[in-house]
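Enquirer: pasting the sequence and the predicted coordinates here, then a few questions.
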Amino acid sequence: MKTHKEIEEIRNILSQFIGGETLYKQEFMWIVLRYTEGVKYFMSACDCYWLLAQIMFKMDDLKEKEGDEFYSIKFNRIGEGGILKFEDGNGNQFQKIEFDYIEDFPLDSVTFFYSNKILYLPSEH
């Protein structure tokens with residue numbers, strides 16, 4: 001479990017990512033997800049690669065159904081669980097995944113954007 005100070009440090013560092021030239025890649029079978037330095041830091045600092053996997057699988061499904069447009073991806077912690085929502089950026093929801101139990105997710109919420117086949121933080125937009 002992260003302390004309040006560690007959580008604040010994660011939030012502060014996340015806000016400092018403003019885009020970069022380095023992209024990372026996660027692959028599973030035919031699915032490929034590219035992501036930025038900010039996303040890489042977030043996944044490592046929060047130890048939540050499970051979230052990256054959920055996003056990767058759902059984006060592969062959404063791209064087939066909805067096309068490769070802009071997506072806003074929001075995770076909100078609710079009690080011991082949480083909700084992961086995939087939206088178009090205007091509040092129109094495409095999909096959501098509910099989790100009954102999430103172990104040790106330190107933040108109340110996080111938002112990502114997905115565009116041009118890249119997952120990134122809003123500050124990196």
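Expert: That came through fine. Numbering: from 1, shown residues only.
Enquirer: buried residues in the helix or strand bottoming out on mean pLDDT in the chain?
Expert: Counting by mean pLDDT, DSSP states H and E, the chain has its least confident helix or strand at helix 49-66, which shows a mean of 82. Of the residues in helix 49-66, 51, 52, 54, 55, 56, 58, 59, 62 count as buried by neighbour count, 16 or more other Cβ atoms under 10 Å. The C-beta positions use only the backbone N, C-alpha and C, and glycine is treated the same way.
Enquirer: considering these, which is situated nearest to residue 27?
Expert: residue 56 (8.9 Å; Cβ to Cβ).
Enquirer: may I ask which helix or strand encompasses the residue most central in space within the chain?
Expert: Residue closest to the average C-alpha location in the chain (Cα atoms, centre = their mean): residue 112, at 4.7 Å. Per DSSP states H and E: residue 112 is located in strand 109-115.
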